[in-house]
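**Q** Have a look at this prediction, sequence included:
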Amino acid sequence: MKIISFKAMLLAACLSLPCGAAIGRTLPLPAGLVSLGSEQGAHLLLDSEARQAYWPLSLQFVTQKTQTYCGVATIVMVLNALEVPAPTAPGIEPFTAFDQDNFFNERTDAILLRPVLAKIGMTLDQIGGLLGAYSVKADVRHAGDGGLDEFRTLAVRYLGTPGRYVIVNYLRRTIGQESGGHISPLAAYDADTDRFLILDVSRYKYPPVWVKAADLYAAMNTPDSDNENRTRGYVLVTAGD
């Protein structure tokens, strides 16, 4: 038992390795959510059936640089995990990697202007458009157009397949967090508890958490006033041709 607990702690510690904003005391988690950093959360990862996405995403984990950059941080993680050719970044030449500054270019500006992003963040459809600006395949699914079973089936399939990723756009208050719309990648699924692992990119606010599939779907199935009141949802991501 001690050996398993040690291995579980090592798995959970993966998220503390990537460079990001300094992490202090996070907000308390509501009942029903399980922190990855807890013993229960780490064991869920060990026991999860679909976790292919966890490893590459954990190696690329970043904290969003502002409170409206959850979508940017999430997309940067996915692009780096997919090994999409990246531009240079100051201080690391001749090496290249996406960060929350060099991600932007003329193609992304045509989809979402930076001043708008800085004020209100991005919508589900804009996530798909911004990924497409880098020739990445993005299948945008509004929760209101499908159902829980469809979401669970597709998300589990992607999380269990190398080179595939799932981004979720959900309303925090629906799962008891504070408080508005948020974007982060999924990393794993545990069938015994029917929970998905959200790698929350606002690490200064909440840790990565395990959430019931039905609760996450309910949080996605909420209208977004910044997107013509269409429901939030998820994006299935694979590398382009």
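**A** On my side now, so go ahead.

**Q** Tell me how far the most centrally placed residue in the chain lies from Val237.
**A** Nearest residue to the geometric centre of the chain (C-alpha atoms, centre = their mean): Pro185, 1.6 Å. From Pro185 across to Val237, the span is 9 Å (C-beta to C-beta, to the nearest Å). C-beta: built from backbone N, CA, C; applies to glycine.

**Q** who touches both of the two?
**A** Common contacts of Pro185 and Val237 (C-beta atoms under 8 Å, 6 or more residues apart in numbering): 78, 165-167.

**Q** Between which two of the residues you listed is the distance greatest?
**A** Val78 and Val166 (9.4 Å; C-beta to C-beta).

**Q** where do the contact lists of these two overlap?
**A** Each of 185, 237 lies in contact with both Val78 and Val166 under the rule C-beta under 8 Å, 6+ apart.

**Q** just to revisit the earlier point, mind checking what secondary structure the residue nearest to the centre of the chain has?
**A** strand (DSSP: H, G, I helix; E, B strand; the rest coil).

**Q** show me what contacts Gly71?
**A** 117, 121-122, 126-127, 130, 169, 183.

**Q** which one of those residues has the most neighbours?
**A** Of all the contacts of Gly71, Asn169 has the most neighbours under the rule other C-beta atoms under 10 Å, reaching 31 neighbours.

**Q** Mind listing the residues bridging to that residue?
**A** Note on Asn169: beta-bridge partners by DSSP bridges are Ile183, Gly233.

**Q** so who does it touch?
**A** Applying C-beta under 8 Å, 6+ apart, the residues near Asn169 are 71, 123-124, 127, 181-183, 220, 224, 232-235.

**Q** Repeat that for Val166.
**A** Per C-beta under 8 Å, 6+ apart, neighbours of Val166: 53, 154-155, 158-159, 185-186, 234-237.

**Q** same check, this time on Gly240
**A** Gly240 sits next to 134-137 when contact means C-beta under 8 Å, 6+ apart.

**Q** Alright, I will stop here.
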